[in-house]
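In: structure, please.
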Amino acid sequence: MDTIQLLEVVALTVDLPDATLRRGQVGTVVEILDEGRTFEVEFSDRDGRTYVSLGLRPDQVMALRRSAF
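Out: Residues are numbered from 1 along each chain as shown. So this is what the prediction gives:
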């Protein structure tokens with residue numbers, strides 16, 4: 001399994017009601033912490049304004065990658 005990289009687009013795999021986030025919402029990894037055990041992920045609106053930024057564990061996100069066919 002590939003590791004998640006800085007500036008990679010990720011989707012939540014869980015609901016986070018305290019942060020008003022739901023599974024499937026998309027964010028960007030802006031920092032890798034604790035040797036890859038935590039990712040700081042920003043969630044932004046359509047105008048690019050960040051509305052929440054929080055630390056997430058690898059099991060709470062999945063990388064969204066294109067595959068070449």
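
In: run through the protein and note the low-pLDDT ranges.
Out: Low-confidence segments of the chain, defined by pLDDT under 70, span residues 1, 68-69.

In: strands of that one, start to end?
Out: Remark: strands assigned in the chain by DSSP state E are 9-12, 26-33, 38-44, 50-56, 61-63.

In: now those in CSV, with mean neighbour count and distance to Thr20?
Out: For every residue, glycine as well, the C-beta is placed using N, CA and C. Below are these laid out as CSV (neighbours: other CB atoms under 10 Å; distance: least, CB to CB, whole Å):
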stretch, mean neighbour count, distance to Thr20
strand 9-12, 18, 12
strand 26-33, 16, 13
strand 38-44, 19, 9
strand 50-56, 15, 7
strand 61-63, 16, 17
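
In: so what's the residue count around Asp34?
Out: A count of neighbours around Asp34, defined by other CB atoms under 10 Å, yields 9.

In: list the contacts of it.
Out: The contact partners of Asp34, by CB atoms under 8 Å, 6 or more residues apart in numbering, come to none.

In: what separates it from Arg23, distance-wise?
Out: Asp34 sits 23 Å away from Arg23, taking CB to CB, to the nearest Å as the criterion.

In: one more: Pro58?
Out: 15 Å.

In: so which of those two has more stuff around it?
Out: Between Pro58 and Arg23, counting by other CB under 10 Å, Pro58 is the more crowded of the two (16 against 11).

In: all set, thanks.
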